[in-house]
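Chemist: sequence-free structure coming up:
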């Protein structure tokens with residue numbers, strides 16, 4: 001199968017590309033190198049940006065597309081929301097039109113951020129695929145908007161697709177810069193003998209998913225005989241507090257460090 005992976009030089013994308021190649025799929029990677037993973041340097045790309053339809057169209061026909069390219073940092077989305085609309089919404093529209101033109105099936109990388117905070121009536125059994133959109137920030141809002149585009153285009157133009165909502169992904173190669181995630185930031189501070197920082201009391205809980213499992217989920221979906229447009233949540237179903245994560249990393253290091261709590 002010939003598969004286009006957008007954002008294939010990113011953290012998740014690099015794992016997805018390797019998973020697909022391990023199954024002998026022909027993979028074409030489209031990336032603008034805006035935030036490449038340190039572990040993706042060996043991945044060959046077609047340089048391009050999903051915001052521009054001609055960058056996508058010059059790839060030519062494919063059997064399927066895994067659309068991972070997006071702007072993802074919540075804090076930055078508050079500062080520059082327009083760029084998130086441009087990439088996450090307009091970019092997804094361009095991908096949908098590309099899939100429509102070539103009859104390619106689409107696996108869309110969604111996020112739990114589109115759902116926002118869990119409604120009380122869902123607390124008994126967790127945030128399932130039927131939880132309504134209640135985004136808390138511009139990033140979540142643009143991803144929810146893009147999901148609605150995918151559903152509409154699938155129904156109107158019979159694009160076979162799947163929407164995959166992942167929760168908090170972690171693994172080797174994840175960025176620890178200012179756009180990076182909590183776990184690698186804590187690891188790097190502890191490695192350098194600096195106290196990790198937690199905002200609030202640290203009782204915020206997260207469902208952490210290993211990136212290799214997520215890549216497998218993408219591969220399974222793209223190989224499946226999709227009908228319509230189904231939504232899949234990928235997570236462990238187990239919550240841990242970020243304070244527990246930080247204390248565990250300090251404990252593993254054996255260093256005499258503490259957590260700094262900030263407002």
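Modeler: Okay, I see it. Please read these numbers as outputs of a predicted model, since none were measured by experiment.
Chemist: got a list of what residue 69 touches?
Modeler: By C-beta atoms under 8 Å, 6 or more residues apart in numbering, residue 69 lies in contact with 6-7, 10, 13, 30-32, 50, 87, 91. Yep, even glycine has a C-beta here, placed from its N, CA and C like the rest.
Chemist: cool, and residue 31?
Modeler: Per C-beta under 8 Å, 6+ apart, neighbours of residue 31: 6-10, 13, 45-48, 69.
Chemist: which of those residues sits closest to residue 225?
Modeler: residue 6 (22.5 Å; C-beta to C-beta).
Chemist: that closest one and residue 59 touch, don't they?
Modeler: No - proximity of residue 6 to residue 59 does not meet the contact threshold set by C-beta atoms under 8 Å, at 9.6 Å.
Chemist: so if I had to pick from the two, which one is more boxed in?
Modeler: residue 6 (29 against 18; other C-beta atoms under 10 Å).
Chemist: what count of nearby residues applies to residue 262?
Modeler: Neighbours of residue 262 (other C-beta under 10 Å): 8.
Chemist: quick revisit: shared neighbours, residue 6 and residue 59?
Modeler: Common contacts of residue 6 and residue 59 (C-beta under 8 Å, 6+ apart): residue 30.
Chemist: sort out for me which of the contacts of residue 69 are in helices.
Modeler: 13, 91 (DSSP state H).
Chemist: quick one: which of the contacts of residue 69 is nearest residue 138?
Modeler: Taking C-beta to C-beta as the measure, residue 87 is the one of those closest to residue 138, at 11.7 Å.
Chemist: thought that closest one was touching residue 73?
Modeler: No - with contact defined as C-beta under 8 Å, residue 87 does not reach residue 73; the gap is 11.7 Å.
Chemist: so for those two, which sits in the more crowded spot?
Modeler: Using other C-beta under 10 Å, the more surrounded residue of residue 87 and residue 73 is residue 87, with 22 against 17.
Chemist: spatially central, which residue of this structure would that be?
Modeler: With distances taken as C-alpha atoms, centre = their mean, residue 109 lies nearest the centre of the chain, 5.8 Å away.
Chemist: measure it to residue 194 for me?
Modeler: Distance from residue 109 to residue 194, counting by C-beta to C-beta, to the nearest Å: 33 Å.
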